[in-house]
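Undergrad: Return atomic coordinates for the entry below.
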Amino acid sequence: MWRIPQRMKRILFSAYCGSCGILLFANKVAWTIDLIGNSMYPAIHSNDKALIEYLTVSNYRVQKGDVVILKNPYKPTHLVCKRIIGMEHDYITNEDGKIIKVPKGHVWIEGDNKADSEDSRDYGPVPYGLLESRVFFRWWPTRRMGPIKLPGEEDILETRMKSGLCLSRSKESEEQ
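TA: Numbering: from 1, shown residues only. Next up, the predicted model:
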């Protein structure tokens with residue numbers, strides 16, 4: 001019978017703990033993702049690589065304008081990347097002029113490239129439980145590396161607000 005030297009045990013234990021730490025970090029804190037598709041163009045291009053973080057979603061801290069990764073309501077095994085346009089209790093006006101109230105526990109998501117995006121305009125408000133993570137930093141390609149504080153981000157939301165396509169309504173004013 002052979003014995004494992006004490007130094008080897010320490011190395012194996014350190015490798016095991018390090019692996020557990022990496023898995024915990026990757027599943028609960030942050031990770032990297034390849035963004036494929038044109039629904040978020042021009043803000044995010046197909047094949048961009050970005051960092052995502054889970055804490056904002058798990059702590060219910062997402063807000064309008066955040067770019068999120070979520071399960072596709074029609075195909076739950078597929079993930080999609082979209083921008084949050086409305087939060088619960090907001091009123092959204094669709095292209096037909098119909099006003100939709102975002103119910104409690106839901107968000108309204110849309111792609112920046114409206115012509116090439118399947119989003120809440122197709123499947124309605126999305127349950128908060130389908131949100132997986134928030135995209136916060138693009139690391140590839142390096143010429144566009146930086147935080148996902150996208151050019152024109154405020155303009156997109158401001159234009160929707162001014163045009164009446166997104167109306168915020170606080171809980172206090174609703175209770176009156």
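Undergrad: how close does Asp116 sit to Trp139?
TA: 24 Å (Cβ to Cβ, to the nearest Å). Any C-beta I mention is one placed from the backbone N, CA and C, and that applies to glycine too.
Undergrad: pLDDT wise, what is Glu158 at?
TA: We have a pLDDT of 55 for Glu158.
Undergrad: Please tell me how far the spatially most central residue of the chain sits from Tyr128.
TA: Nearest residue to the geometric centre of the chain (Cα atoms, centre = their mean): Val68, 0.8 Å. Noted for Val68: a distance of 10 Å to Tyr128, by Cβ to Cβ.
Undergrad: How many neighbouring residues does Glu118 have?
TA: 17 (other Cβ atoms under 10 Å).
Undergrad: residue contacts, it?
TA: 39, 72, 74, 80, 111 (Cβ atoms under 8 Å, 6 or more residues apart in numbering).
Undergrad: The lengthiest strand in the chain: which residues count as buried?
TA: Determined from DSSP state E, the single longest strand within the chain is strand 131-140. Within strand 131-140, the residues that count as buried by 16 or more other Cβ atoms under 10 Å are 131-138.
Undergrad: Mind putting the residues you listed into a markdown table with distance to Thr56 and pLDDT?
TA: Formatted as a markdown table, the buried residues of strand 131-140 follow (distance: Cβ to Cβ, whole Å; pLDDT from 0 to 100):
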| residue | distance to Thr56 | pLDDT |
| --- | --- | --- |
| Leu131 | 9 | 96 |
| Glu132 | 11 | 94 |
| Ser133 | 8 | 94 |
| Arg134 | 4 | 94 |
| Val135 | 10 | 94 |
| Phe136 | 8 | 90 |
| Phe137 | 13 | 90 |
| Arg138 | 17 | 90 |
